[in-house]
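Asker: Whatever this is, show me its structure:
(chains A and B)
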Amino acid sequence: AQSVAQPEDQVNVAEGNPLTVKCTYSVSGNPYLFWYVQYPNRGLQFLLKYITGDNLVKGSYGFEAEFNKSQTSFHLKKPSALVSDSALYFCAVRGRGNTGTASKLTFGTGTRLQVTL
Amino acid sequence: DSGVTQTPKHLITATGQRVTLRCSPRSGDLSVYWYQQSLDQGLQFLIQYYNGEERAKGNILERFSAQQFPDLHSELNLSSLELGDSALYFCASSPLGTGNTIYFGEGSWLTVV
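Answerer: Here you go, the predicted structure:
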């Protein structure tokens, strides 16, 4: 079974400072990894994904994530946080293969990012 | 805008009732997924359809059912509703292929009173 852990319920950071939202995963074989963001009363918006290749993935709104196979981690990062980045962030994993439950996304519990002035 | 359309956006209904949530996937996407988001359970995968056929089943209650129609839109039917069914229900779609991104709609807020 595949699973995702987001160990922090909330991350607080001052505007202009770098931010990191942590994610570790468990899946059979090589993973597909995703980050989504949810603003209040809105749906899930896709930020970025890791499929293969370069371990540093760049996504929307200046976010990036680093895939670390040995540590089974896929932490979300941004060099300089904005107040408007405050939202709920979800990490998700998907196993490779097109059959059965392997094709579904399994989400972590989410991390609330609070960026203050 | 993800291109996935869900209706209704908000729904309030009484216990014991039945509701239908509707989803139009992104143009060209054959896979449709339903997820439930609640405070205590987080984001839970309910069910996936691909081109009209059920593809995968998750934590979907027997009181819930779904289908995907020939025009690829999907409906999630929730019956004998209980207070605990109050949640945000997401529909999502993607092309087939697990490397493809799954795009989510804005969700349907269901409140059972």
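Asker: Now stretch A:11-28: buried residues?
Answerer: A:11, A:13, A:19, A:21, A:22, A:23, A:24, A:25, A:27 (16 or more other C-beta atoms under 10 Å in any protein chain shown). Just so you know, the C-beta spots here come from the backbone N, C-alpha and C atoms, and that holds for glycine as well.
Asker: which ones are touching the first one?
Answerer: Think residue A:11. Shown in contact with residue A:11 (C-beta atoms under 8 Å, 6 or more residues apart in numbering or on different chains): A:19, A:20, A:21, A:111, A:112, A:113, A:114.
Asker: Look up the closest residue to it, ignoring the ones flanking it.
Answerer: residue A:113 (5.2 Å; C-beta to C-beta, 6 or more residues apart in numbering or on different chains).
Asker: So residue A:48 is in contact with residue A:58, correct?
Answerer: Yes: applying C-beta atoms under 8 Å, one finds residue A:48 in contact with residue A:58, separated by 6.8 Å.
Asker: Count the neighbours of residue A:3 for me.
Answerer: Residue A:3 sits with 12 neighbouring residues when counted by other C-beta atoms under 10 Å in any protein chain shown.
Asker: Could you give the backbone dihedrals for it?
Answerer: Backbone dihedrals for residue A:3, given as degrees, to the nearest 10, come out at phi -150, psi 160.
Asker: Bridged to the residue positioned nearest the centre of chain B, which residues?
Answerer: With distances taken as C-alpha atoms, centre = their mean, the residue of chain B nearest its centroid is residue B:34 (3.2 Å). Beta-bridge partners recorded for residue B:34 (DSSP bridges): residue B:47, residue B:91.
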